[in-house]
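Undergrad: Model the structure of this input:
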Amino acid sequence: MTPTLRLSKLIIALVLLLTSCQKDDGISNDGNQNENIPDTFSEYFGNEISRDFLGSVIDKDHNPIEGVSISIGSEIAVTDSNGVFIIRDASVNERFGYIKAEKAGYIHGSRSVVPSNGTNKVTIMLLEETVVGTVSSGSASTVTATDGSSVSFDGNFVKEDGTAYIGSVNVIMHHLDPTDEDMEDQMPGMLYAENEDGAERMLQTLGMLAVELRGSGGEDLNLAEGSTSEIKIPVDATLLASAPATIPLWYFDEATGYWKEEGEATLQGNMYVGTVSHFSFWNCDIQAEAVMLCVTVVDEDGKELSNLHVTLTSATYGTTSGNTNALGQVCGLIPSNETLTLNIYSYDICGNTPLHTETIGPFSSDTNITIVIPDNPDIIEETVIGTFKTCNGDPVTEGYVQLTYGGTTFTDEVNTDGSFEIVVLRCTDNDTFSLVGSDYDDFQTTGEIFYTFTTSLTDIREIMACNTIDEFITYTIDSGAVTKLYIDSENLRGVPLSSGLIQINNIFLGDPPNSLDRFVANVPNEIGSYSISEEQSIGEINMTLRFQENGGAYVYSLPSSFLGNNIIINVNKTAENPGDFIDINFSGEIFFSTGIIRTVVGSAHVKKTE
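TA: Sure thing, here's the model as predicted:
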């Protein structure tokens, strides 16, 4: 597994194996017993429900794509600069939801899911409209890609309105290899299909081919009625031993969001060769029956664990995967009556060894199960909480927070009151992470801010989406209101000292600034955690925090009134050059000579001076 921006990878509440049934009076294509088939395929989908979706759209290099049009039924959205979209209360079905993604320059993308409770996370990788070859109407021709996949034409093409097209035709083609780890994100929908009998099926793919035709004016084209094309789809060498001599062909129906059986292909050498009468995504698949499974992952205390990667492996149908959402849940469809090996990973952060392995099944009907992850001394469970606010101090009601740890980014939606909670598992030898908050409605961002986990709960208190703010210092006393120190950069300093330390200071704090309030910290220009004590003086690691309580005249000051050693300063990001950001966060208890004890939590995000 490779760390990515999946909300993912990023994050997807999706399992790709799907269900099936068969007719009362017939035998299934795979030789199993009779089954009931509804009059309308959509009857398989269950009742209509409302669900929230948080998604990410990326390109083949895993970069976000901005400005992608997203639709779920009648609900629409557009991806922001991070490639992220949010859709709330979308109408979907209990066993089927369909998300479309479209942008000029890319072939149409989509994702189908079995909706889980809570927010459903999806990732869609759009493929560029790469022209592999150009042919002319009226002439037989063949276009072949570098991987050997090919399409032949008899020269008869039509426009979308059915009228004949005369002229040059650009052929856009992509081969999708099931051994490619990105295939799950690249393919349309999910591996869910209607077979020729009208029954639903899960699919095991041996390869896909996307073909789109464009006229010289950019118009969409297709084959004329009565025309056919021969397609050739390569089979990876590792799959040839299990590849049948003939295999059903399936095309993806963009209107419905699932695959439909039409024709078959024959294995010739390392290629499946078949004949098709129209173009879309074409798929070579083995079909099977399945049931729906929802897996909820919790720790030994029953707390739901989000952002975990769950895989299910069948000896017959291979491996499929999905990611747990904020409720610790991932849903999808699995092979019925198959014993499965379940593995749970924390992505690449702590290596490729599963956190937990268990044999489950077989299941003959829709099932919900809970998997308990045993305590592991090498893995630490971290919860990061906070409140995300606008420039004006109001809660961000439509936004998300991205936490990056160990090269993997987790994206979680904020609640309507601006609060957020992100649960991740981390390794014992890596305790730093970064956050970026994005206001989806107002296109404002916090920028990237670095922190250190304060195990097992890290309370960020507040982050603010305000593109005009470069630097800030914040702190909270006794879990009270957050003091926001967003003063202009002239009053913020990241000053190199002769001792080699960096001095972070703000002359006047508060809103409005008060001459009695002050923050100064002298910290190493080196990432790490440092304790401060009353013995430390100028030129050594120290922090001064002077503040008034309730607007009164009495001033608490750290360290001059400090009698203990319970303050930790975490240096999370250092500055090499003038203008680079320095990030620290600090927490602990202040013991005063008066007997008063105050807890303090805060952070600073300032630039090194010129």
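Undergrad: How many residues are close by the nearest residue to Gly418 once chain neighbours are set aside?
TA: Distances taken as C-beta to C-beta, 6 or more residues apart in numbering put Pro395 closest to Gly418, at 2.9 Å, once the chain neighbours are dropped. C-beta coordinates here come from the backbone N, C-alpha and C atoms, glycine included. Residues within reach of Pro395, counting by other C-beta atoms under 10 Å, total 15.
Undergrad: wait, isn't Pro395 in contact with Gly386?
TA: No: taking contacts as C-beta atoms under 8 Å, Pro395 lies outside contact range of Gly386: 11.4 Å.
Undergrad: so what sits against both of these two?
TA: Ser419 (C-beta atoms under 8 Å, 6 or more residues apart in numbering).
Undergrad: What's opposite the residue nearest to Gly418 in the beta bridge?
TA: Beta-bridge pairing for Pro395 (DSSP bridges): Lys389.
Undergrad: for it, what are its contacts?
TA: Pro395 sits next to Thr387, Phe388, Lys389, Thr416, Asp417, Gly418, Ser419 when contact means C-beta under 8 Å, 6+ apart.
Undergrad: State the distance from the fourth one to Val396.
TA: According to C-beta to C-beta, to the nearest Å, Thr416 stands 9 Å off from Val396.
Undergrad: Between these two, tell me which one has more neighbours.
TA: Val396 (29 against 11).
Undergrad: Skipping its backbone neighbours, what lies nearest the more buried one in space?
TA: In this structure, Val396 finds its nearest non-sequential neighbour in Phe388, 4.4 Å apart by C-beta to C-beta, 6+ apart.
Undergrad: Show the contacting residues for the one you found.
TA: 395-396, 399, 401, 414, 418-420, 437, 439, 446, 462-465.
Undergrad: Buried subset of those, written for PyMOL?
TA: Selecting only the buried entries of those in PyMOL, with 16 or more other C-beta atoms under 10 Å as the criterion:
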select buried, resi 396+399+401+414+418+420+437+439+446+462+463+464+465
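Undergrad: What about the contacts of Phe388, which are in helices?
TA: Among the contacts of Phe388, DSSP state H puts none in helices.
Undergrad: Just the contacts of Phe388: which are in strands?
TA: Cross-referencing those against strands under DSSP state E gives Gly399, Val401, Ser419, Phe420, Gly437, Asp439, Glu462, Ile463, Met464, Ala465.
Undergrad: and Asn337, what element?
TA: Using DSSP states H and E, Asn337 sits within no helix or strand.
Undergrad: contacting residues around it?
TA: Glu289, Gly361, Pro362, Phe363, Ser364 are the contacts of Asn337 under C-beta under 8 Å, 6+ apart.
Undergrad: Next one: it from Phe363, what distance?
TA: Applying C-beta to C-beta to Asn337 and Phe363 gives a distance of 7 Å.
Undergrad: Check Ser50 too.
TA: 27 Å.
Undergrad: next one: Asn467
TA: Taken as C-beta to C-beta, the span from Asn467 to Phe363 is 50 Å.
Undergrad: The two: which has the busier surroundings?
TA: Comparing Asn467 with Phe363 by other C-beta under 10 Å, the one with more neighbours is Phe363, at 19 against 13.
Undergrad: That one against Leu342, yeah?
TA: No: using C-beta under 8 Å, Phe363 is not in contact with Leu342; the gap is 11.9 Å.
Undergrad: what's the burial count for the residue nearest to Leu126 when sequence neighbours are not counted?
TA: Spatial nearest neighbour of Leu126, excluding adjacent residues (C-beta to C-beta, 6+ apart): Tyr106 at 4.1 Å. Tyr106: 18 surrounding residues under other C-beta under 10 Å.
Undergrad: Okay, domains of this protein per the record?
TA: Following automatic domain parsing, the chain resolves into domains at 131-288, 471-610.
Undergrad: I'd like the ones you listed as JSON lines, with distance to Glu102 appended.
TA: Output for the domains of the chain, formatted as JSON lines (distance: least, C-beta to C-beta, whole Å):
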{"stretch": "domain 131-288", "distance to Glu102": "10"}
{"stretch": "domain 471-610", "distance to Glu102": "37"}
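Undergrad: Considering these, which stretch scores lowest in mean pLDDT?
TA: Among those, domain 471-610 carries the lowest mean pLDDT, at a mean of 71.
Undergrad: Tell me how far Asp185 lies from Ser242.
TA: According to C-beta to C-beta, Asp185 stands 24 Å off from Ser242.
Undergrad: Show me which of the two is the more surrounded one.
TA: Counted by other C-beta under 10 Å, Asp185 and Ser242 do not tie: Asp185 has more neighbours, with 26 against 12.
Undergrad: Quick check: closest non-adjacent residue to that one.
TA: Met125 (3.8 Å).
Undergrad: which residues pair with the one you found across the strands?
TA: Using DSSP bridges, the beta-bridge partners of Met125 come out as Ile58.
Undergrad: From the structure, what's the count of residues near it?
TA: Residues near Met125, counting by other C-beta under 10 Å: 25.
Undergrad: show me the contacts for it.
TA: Each residue near Met125 by C-beta under 8 Å, 6+ apart is listed here: Val57, Ile58, Asp59, Lys60, His62, Gly109, Asp182, Asp185, Gln186.
Undergrad: can you pick the most crowded of these?
TA: Val57 leads these on contacts (other C-beta under 10 Å) with 28 neighbours.
Undergrad: Please list all residues in contact with that residue.
TA: 64-65, 68, 70, 79, 83, 85, 101, 109, 123-126 are the contacts of Val57 under C-beta under 8 Å, 6+ apart.
Undergrad: Quick one: buried ones out of those residues?
TA: Using 16+ other C-beta under 10 Å, the buried ones in the contacts of Val57 are 64-65, 68, 70, 79, 83, 85, 101, 109, 123-126.
Undergrad: ok so, going back, do you know how far the residue nearest to Asp185 is from Thr390?
TA: Taking C-beta to C-beta, one finds Met125 at 32 Å from Thr390.
Undergrad: do Gly118 as well
TA: 25 Å.
Undergrad: low pLDDT regions in the stretch 251-400 of the chain?
TA: Counting by pLDDT under 70, the stretch 251-400 of the chain shows low-confidence ranges at 347-351.
Undergrad: State which strand of this protein is the longest.
TA: strand 200-215.
Undergrad: partners of that one, with directions?
TA: According to DSSP bridges, strand 200-215 forms sheet pairs with strand 168-176 (antiparallel), strand 192-194 (antiparallel), strand 220-223 (antiparallel), strand 281-288 (antiparallel).
Undergrad: Who are the contact partners of the residue nearest to Leu126?
TA: Residues in contact with Tyr106 (C-beta under 8 Å, 6+ apart) are Ile65, Val68, Leu126, Leu127, Glu128, Glu129.
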